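In: Got a predicted structure plus its sequence, pasted below:
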Amino acid sequence: MVPTWQLRAAFARRLSAMYGKEVPTYTTLVEVAGQVNDDVLRTGGESAQRLGSIERVTAERHGAIRVGTPRELRQAAQIFAALGMEPVGFYNLRDATTSAVPVVSTAFRPVLPEELDRNPFRVFTSMLTPADRRFFDADLEQRLEAFLGLRELFPPELLELAALAEREAGLPEERAERFLTLAVAAFELSPEPVDRAWYAELEKVSAVAADIGGVAGTHINHLTPRVLDIDELYRRMEERGITMIDRIQGPPRWEGPDVLLRQTSFRALAEPRTFREADGSVTTGSLRVRFGEVEARGVALSRAGRALYDRLVDGPVEEWAAHFPRTERQLAVEGLGFFTYEAVPDRPRDGRRPPDDLAGLLDGGWLTARPIVYEDFLPRSAAGIFQSNLTDPGARDSARPGIHYDQHGMSGAIGRTVHDPFDLYAAQQDASLGRARKGLAAA
């Protein structure tokens, strides 16, 4: 049997190889990220691996796909479940940017710490919202849903193998090979000609809507390696003549702890595509849709820490530096960040009993704290990268009411419970603190 985590690791590797062939600049991005990581590791030593081993960072990827309907989303969820990836978080990109991005999203990823350590592959998955009248009138909604209802993103054999892999926690080698082949093919760029008039009609509303509802299949929209110094990577990519978006999304660069997620990308490239014209003829042209993203991950923040981040992130870096905690210890004792804790086994005996408060346990050398890596996404950052790669902001009628979506509704659309990321981090932290306190009591 090929176990679940090995299926996930193999899928991530094969998807990366496939995307590198389709978007060669992505291969350059991975190469530069590797060089930067080697340099940071060489100069930073052990501290460079405080937020994950270099083996994990090097293997790490997240992909992004877009689907059109709850049915397509449920089928994608089945494929990811075969890889040990569960839906985590709800992201409303419709209200996260001034451009027309009519999607709601979740991310599929492992949820157990040991599975994340084995391979933390994630797929940010967005679903179109045709019923939102700010973007689509009733006629366009009806025609869009009819188009989406006729297509098949994932062949039945793939879905059957995925269900089997989920039930059995893996697949026999031969079936594993077939599953991986079909799964990677499902996310390749479709060779089917694009209906030019239909695509153009959707593109007037939103380039994202056209990329979802104007084509025959889904595809990897971007694939993202992880880098230990995203500012240095940005500089080196531009040195190579590769046009990057205008900024790094997320927290600023500063002297304090890295938190949450910083992201940037090279600009979407014009890729050759075939088009079906109104007279039935097939012509060639190009679409500018896919890009290469890169990320740097930091400490996961609690709800209170996230509220502080949201308040400060759009202000000047001086304001951030004045009000955001400057040390990991401060993040921990103020309850602003998530950490795992371990009892110090060789602490010198001095006759004192361990105090009850976390600050006393850390300052007295009773416990050590290690940051929990932020495994999820930021809606404004994701929408900002989407927006930075759009050539047209699209159309939005803000006077019309939007349709409500939330985490509960996303769970219903998927047919699986969408985890709250804060709950996952809190459970990991609480479990480690409980073990550490028991260890101190036993000593």
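Out: Received the coordinates, thanks. For clarity, every value in this text was computed on a predicted model and none was experimentally measured. Residues are numbered from 1 along each chain as shown.
In: Quick check: closest non-adjacent residue to residue 247.
Out: residue 264 (7.1 Å; Cβ to Cβ, 6 or more residues apart in numbering). Yep, even glycine has a C-beta here, placed from its N, CA and C like the rest.
In: my guess is residue 335 contacts residue 301, does it?
Out: No - at 10.1 Å, residue 335 does not count as touching residue 301 under the criterion of Cβ atoms under 8 Å.
In: Between the two, which has more neighbouring residues?
Out: With neighbours defined as other Cβ atoms under 10 Å, residue 335 and residue 301 compare such that residue 301 has more, 23 against 12.
In: Neighbours of residue 113, how many?
Out: A count of nearby residues for residue 113, using other Cβ under 10 Å, gives 18.
In: what's the burial count for residue 230?
Out: 24.
In: Excluding chain neighbours, what is closest to it?
Out: Distance criterion Cβ to Cβ, 6+ apart; nearest residue to residue 230, sequence neighbours excluded, is residue 296 at 4.0 Å.
In: looking at this, the one you found is in a strand?
Out: Yes - under DSSP: H, G, I helix; E, B strand; the rest coil, residue 296 sits within a strand.
In: dump the residue contacts of it.
Out: 226-230, 258, 261-263 (Cβ atoms under 8 Å, 6 or more residues apart in numbering).
In: how close does it get to residue 336?
Out: 19 Å (Cβ to Cβ, to the nearest Å).
In: and what of residue 235?
Out: Using Cβ to Cβ, one gets 30 Å for the distance from residue 235 to residue 336.
In: Which of those two has more residues huddled nearby?
Out: Counted by other Cβ under 10 Å, residue 235 and residue 336 do not tie: residue 336 has more neighbours, with 21 against 13.
In: that older thread, out of the contacts of residue 296, which are buried?
Out: Among the contacts of residue 296, those scoring as buried are 226-230, 258, 261-263 (criterion: 16 or more other Cβ atoms under 10 Å).
In: is it fair to say the residue nearest to residue 247 lies in a strand?
Out: Yes - counting by three-state DSSP, residue 264 is found in a strand.
In: list the contacts for the residue nearest to the spatial centre of the chain?
Out: Nearest to the mean C-alpha position of the chain, by Cα atoms, centre = their mean, lies residue 124 at 4.5 Å. Counting by Cβ under 8 Å, 6+ apart, residue 124 touches 62-65, 91, 105, 107, 377, 382.
In: The closest residue in space to residue 378 that isn't next to it in sequence bridge partners, please.
Out: Spatial nearest neighbour of residue 378, chain neighbours left out: residue 261 (5.6 Å); criterion: Cβ to Cβ, 6+ apart. Taking DSSP bridges as the rule, residue 261 bridges to residue 297.
In: ok, residue 261 touching residue 381?
Out: Yes - with contacts counted by Cβ under 8 Å, residue 261 reaches residue 381, the gap being 6.5 Å.
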